[in-house]
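Peer 1: Sequence first, then the predicted structure, then my questions.
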Amino acid sequence: MADAEPSEVNRVRAQVYGDCLKAAQLQPGCFRLTVPTGGGKTRSSLAFALSHAAAHGLDRVIYAIPYTSIIDQTVEVFRSVFADESVVLAHHAFAFECLDQSEADGDSSPRLAADNWDSPVVVTTNVQFFESLLGSRPGRSRKVHRIARSVIVLDEVQTLPPALLDPILDALRCLIDEWGTTVVLCSATQPAVGDADRAGAALPGVREIVQSPEDHFRTLQRVQYVVPEEPWSWSRVAEEMRSSPTVLAIVNTRADALDLLDALDDPSALHLSTLLTPRHRKAVLDLMLARLRNGDPCRVVSTQVVEAGVDIDFPLVLRAVGPLDSIIQAAGRCNREGGLSMGRVVVFEPTDGHWSPGVYRTGTELARMRLRDDPSSLHSPTVSTEYFQRLYESVDTDAQGIQRERMRCSFRTVDERFHLISEDTIPVLIPGASTESAEHALECGWQLDAHQRAEVQANSVSVRRRELSRLEREVLVVPIDVRASVYRWVGTKYDSVRGLGRMTEESGALIT
C-alpha cells in the first residue's frame with residue numbers, strides 16, 4: 001500500500017486498509033466490509049482477518065469464495081504476503097465426488113484423503129465450506145472442528161443463494177454465538193442479512209468495518225450508466241462492440257453468449273462461459289489479461305463468470321439486463337483503475353435474450369424497475385441492500401425446508417437437500433493427454449488420487465442430468481464410471497473458442 005502510485009483509487013484503498021486494521025481490535029462477532037469494486041477489498045479483508053485473529057487469539061482464517069475460477073487469483077495474492085507460501089492452503093471443491101471403497105463395498109475403509117484445514121490461512125469455496133458445515137458425510141465433516149475459533153471471510157457474499165439463505169444465516173449465527181468465530185461479509189453489493197435488515201434468520205449485530213463507505217463509493221464513481229430506450233438485437237450489440245477495440249459484453253445465458261458470438265463474427269474475440277472447461281477458462285482469462293496489459297484489441301463475450309472477483313479493466317462494458325447486483329458487479333469491470341475520466345456501462349434489454357426462471361428472473365424484474373426510476377442510484381451502496389430486502393421478501397428463503405429438518409436433527413436429509421450448486425448437472429470430461437490416468441482409473445473402478453480428481457475437475461463441462469439420455473442416444477457422451485456419474489465427451493471436436501458450443505437443447509437455461 002505504501003509504495004502504490006498516488007491516485008484517487010489508491011488513496012481509497014489505503015483508507016480502507018487502515019480502517020480494517022483499526023476495526024480488527026474490536027470484539028469478535030459479525031462484520032461487514034463494504035468496498036466499491038477496485039477498492040482493495042481482497043488485501044484489506046486479509047489484513048483485518050490476520051490482525052483480528054492475532055488480537056483475539058483465534059486459530060486460523062478461512063476465506064470462502066463463490067467460484068473456483070478466482071481461487072487461484074486470490075491464493076496468489078495471499079501467498080505474496082507471506083515469506084512462507086505454505087501458510088496458505090488452497091482447497092478446491094470438485095465438480096463431483098467419486099465413491100470410495102467404503103461406500104462401494106459397505107466396509108469401514110476410509111474415504112479419499114482430504115485436506116483437514118490444518119493451516120493458518122485456508123482459501124476454499126462456498127460449496128466446500130457450507131456443504132461441509134451442513135453435511136453428514138464423514139469426508140466433509142472431518143474438517144468442521146477446524147472452523148471453531150476462526151475468522152471466516154465470505155467474499156462476494158451477495159452470491160449466497162436466496163433459496164438457502166435461512167439455513168446459511170442460522171448456521172453462521174451459531175458459529176458466532178457458540179463456536180467463537182468472527183464472520184466478515186465482503187462485497188460491493190451487500191445483501192440484507194443483518195438482524196437490522198430482515199426478520200427471521202439473520203446475523204446478529206453486524207458492524208461496518210469501513211468508517212464511511214458512502215464517501216468511497218462517491219469518490220470511486222468511475223462509470224456512467226447508459227440505458228437505451230429500445231431493446232437491442234444481438235446484431236446491434238455486435239455493432240456496438242465493433243465500435244471499440246476493447247470491450248466486454250456480459251449476457252445472461254450460455255445460449256445468449258453463442259448468439260452474440262455469431263452476430264459479432266470476430267475470429268479474434270474471446271468467449272467465457274461454463275461451456276468451456278475450468279482450465280480453458282483460465283487460459284482465456286490469462287490471454288485477456290495479457291491483451292489488456294499490452295493495450296491490444298480485446299473484445300470479450302462472457303456470461304457472469306467474470307462479474308465477481310476477476311480483476312479486469314475495460315473502458316466499455318455492455319450488460320444485458322439482469323439482477324441488480326450482477327449489473328453493479330459488471331460495472332466494476334469498467335474503468336476499474338480510474339484511468340479514464342469516466343467509463344461507460346450500457347445496460348441493454350436484449351430482444352432475443354434468455355433468463356433463467358425463479359430467483360434470477362425475479363431479481364431481473366426488480367432491476368428493471370430501478371433502472372427505469374434512476375440509473376444513477378446504482379452508485380450508492382445502500383441501493384444493493386434495499387434491492388436484496390425486496391428480493392428476499394419475494395422468494396422462499398428456505399425453499400428446501402432445511403430448517404425444519406435441522407430442528408428434527410435429520411442430518412442425512414439436510415445433507416441430501418442442501419446444495420449450493422444444483423445437482424441436476426453432471427461433469428462431462430473432455431479427454432486429453434492430462435486426463436488419461438484419471439480415465440483409466442475410473443474405467444477400472446479405482447479411487448482417484450488428488451491429482452487425478454483435479455484433472456477431471458479442470459477438464460470437465462457441466463451438462464444437465466436430464467439431457468444425458470439424449471446425449472447418449474446420439475453417442476455424444478459415454479459413461480466412464482456410472483457410479484460416480486462421470487461421462488466422457490465423444491461428440492464433435494471441442495472448439496477452441498466456443499468449447500462444447502451448442503451441445504444441448506437446454507444450454508439456454510444455464511446462466512453461466
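Peer 2: Received the coordinates, thanks. Here the structure is a predicted model, which means the values were calculated and not measured.
Peer 1: what helix or strand does residue 71 sit in?
Peer 2: Assigned by DSSP states H and E, residue 71 belongs to helix 71-79.
Peer 1: distance between that helix and the chain's centre?
Peer 2: Distance of helix 71-79 from the chain centroid (C-alpha atoms, centre = their mean, to the nearest Å) equals 15 Å.
Peer 1: List the neighbouring strands of the helix or strand just after that helix plus their orientation.
Peer 2: Scanning forward in sequence from helix 71-79 by DSSP H and E, the next helix or strand is strand 88-90. For strand 88-90, the paired strands and their directions (DSSP bridges) are strand 121-125 (parallel).
Peer 1: Next, the angle helix 71-79 makes with the strand it pairs with.
Peer 2: Here strand 121-125 runs at an angle of 170 degrees relative to helix 71-79 (axes from the mean of the first three to the mean of the last three C-alpha atoms, to 10 degrees).
Peer 1: And the next helix or strand past strand 121-125?
Peer 2: Next in sequence after strand 121-125, counting helices and strands by DSSP H and E, comes helix 126-133.
Peer 1: Need the CA coordinates for the helix or strand just after that following helix. PDB is fine.
Peer 2: Sequence order places helix 138-141 as the next helix or strand after helix 126-133, per DSSP H and E. The C-alpha trace of helix 138-141 is given here as PDB (Å, rounded to 0.1, in the frame of the first residue of the first chain):
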ATOM      1  CA  PRO A 138     -17.500 -38.200   7.300                       C
ATOM      2  CA  GLY A 139     -15.300 -37.000   4.400                       C
ATOM      3  CA  ARG A 140     -16.600 -33.500   4.600                       C
ATOM      4  CA  SER A 141     -17.500 -33.300   8.300                       C
END
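Peer 1: And the average pLDDT for helix 138-141 is what?
Peer 2: Average pLDDT, helix 138-141: 74.
Peer 1: Could you export the helix or strand just after that helix as PDB, CA atoms only?
Peer 2: As assigned by DSSP H and E, the chain's next helix or strand after helix 138-141 is strand 150-154. Written as PDB, here are the backbone C-alpha positions of strand 150-154 (Å, rounded to 0.1, in the frame of the first residue of the first chain):
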ATOM      1  CA  SER A 150     -11.600 -18.800  13.300                       C
ATOM      2  CA  VAL A 151     -12.100 -15.700  11.200                       C
ATOM      3  CA  ILE A 152     -14.500 -16.600   8.400                       C
ATOM      4  CA  VAL A 153     -14.300 -14.200   5.400                       C
ATOM      5  CA  LEU A 154     -17.200 -14.600   2.900                       C
END
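Peer 1: Okay, domains of the protein per the record?
Peer 2: Annotated domains of the chain cover 8-219, 223-379, 425-509 [automatic domain parsing].
Peer 1: among those, which is nearest residue 397?
Peer 2: Among the domains of the chain, the nearest to residue 397 by C-beta to C-beta is domain 8-219 (4.1 Å). Where you see a C-beta, it was placed from the backbone N, CA and C, and this is true even at glycine.
Peer 1: Just the endpoints, please. Distance across the closest one?
Peer 2: One end of domain 8-219 sits 7 Å from the other (C-alpha to C-alpha, to the nearest Å).
Peer 1: State whether residue 409 is indeed within a strand.
Peer 2: No: counting by DSSP: H, G, I helix; E, B strand; the rest coil, residue 409 is located in no strand; its state is coil.
Peer 1: Determine the number of other residues adjacent to it.
Peer 2: Residue 409 has 8 neighbours, counted by other C-beta atoms under 10 Å.
Peer 1: so where's the stretch 51-200 of the chain uncertain?
Peer 2: Filtered on pLDDT under 70, the stretch 51-200 of the chain yields the residue ranges 69, 92-115, 139.
Peer 1: returning to that earlier point: can you redo the domains of the chain as JSON lines with mean neighbour count and distance to residue 410?
Peer 2: Output for the domains of the chain, formatted as JSON lines (neighbours: other C-beta atoms under 10 Å; distance: least, C-beta to C-beta, whole Å):
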{"stretch": "domain 8-219", "mean neighbour count": "19", "distance to residue 410": "9"}
{"stretch": "domain 223-379", "mean neighbour count": "19", "distance to residue 410": "25"}
{"stretch": "domain 425-509", "mean neighbour count": "17", "distance to residue 410": "25"}
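Peer 1: Please tabulate those in CSV, including the columns distance to residue 418.
Peer 2: Listed next are those as CSV, based on distance: least, C-beta to C-beta, whole Å:
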stretch, distance to residue 418
domain 8-219, 5
domain 223-379, 16
domain 425-509, 16
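Peer 1: Figure out which of the ones you listed is closest to residue 389.
Peer 2: Here domain 8-219 is closest among the domains of the chain (C-beta to C-beta), at 4.2 Å.
Peer 1: Measure how far the closest one is from the centre of its chain, please.
Peer 2: 13 Å.
Peer 1: Spell out which residues sit in contact with residue 129, please.
Peer 2: Residues in contact with residue 129 (C-beta atoms under 8 Å, 6 or more residues apart in numbering) are 62, 64, 152.
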